[in-house]
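>>> have a look; sequence and predicted model below, questions after that.
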Amino acid sequence: MFTVTPIYALAAALITLVLWFRVTSYRGAQSVSIGDNGDPKLLQRIRQHGNCVEWSSFILIMMILAEGMGAPSLYIHISGALLIIGRMAHPFGLKIENAGHPLRYVGNGTNILAALNIMICLGVNILGF
């Protein structure tokens, strides 16, 4: 039974929905159906949402696999917490005019750590250590 990963999957889904709503409401207000129509604000919102979907699905898949293999829940929680911290910080740091925004680094850094943690966890379980 999966008890840890669903907690973080729910949190990631809520963040994803908020970011999706920001894209969709702005599209409606600007009458843009597809693409960004050259609007930097819309492009920024699209990438904030897209980046969340990309990282969340990547890490959550590995988390559910590790949990299914019986990995210690502490390691699943570590990756899940890092994922959520990153997904909460990253949209505020993903700025067109500032590629070096600190929250962008927090978002990317925590998600890289989450991925590395869960990849090591998977590797240890696969190799039977």
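Perfect, thanks for sending it.

>>> residues in contact with the closest residue to Lys95 other than its chain neighbours?
Leaving aside its sequence neighbours, Lys95 sits nearest to His101 (C-beta to C-beta, 6 or more residues apart in numbering; 5.1 Å). Every C-beta, even on glycine, is put in place using the N, C-alpha and C of the backbone. Listed by C-beta atoms under 8 Å, 6 or more residues apart in numbering, the contact set of His101 reads 92-95.

>>> I figured Asn108 was touching His90, is that so?
Yes. Using C-beta atoms under 8 Å, Asn108 is in contact with His90, at 6.9 Å.

>>> which stretch of helix or strand covers the residue sitting nearest the centre point of the chain?
Among the residues of the chain, the one closest to the centroid is Ser56, at 3.4 Å (C-alpha atoms, centre = their mean). Per DSSP states H and E, Ser56 falls inside helix 40-68.

>>> and that helix, what other elements does it pack with?
helix 5-30, helix 73-93, helix 102-127 (3 or more C-beta pairs under 8 Å, 6 or more residues apart in numbering; DSSP states H and E).

>>> can you redo these as CSV with distance to Ile61, mean pLDDT and mean neighbour count?
Compiled in CSV, these are given as follows (distance: least, C-beta to C-beta, whole Å; pLDDT from 0 to 100; neighbours: other C-beta atoms under 10 Å):
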stretch, distance to Ile61, mean pLDDT, mean neighbour count
helix 5-30, 10, 98, 16
helix 73-93, 11, 97, 20
helix 102-127, 9, 97, 17
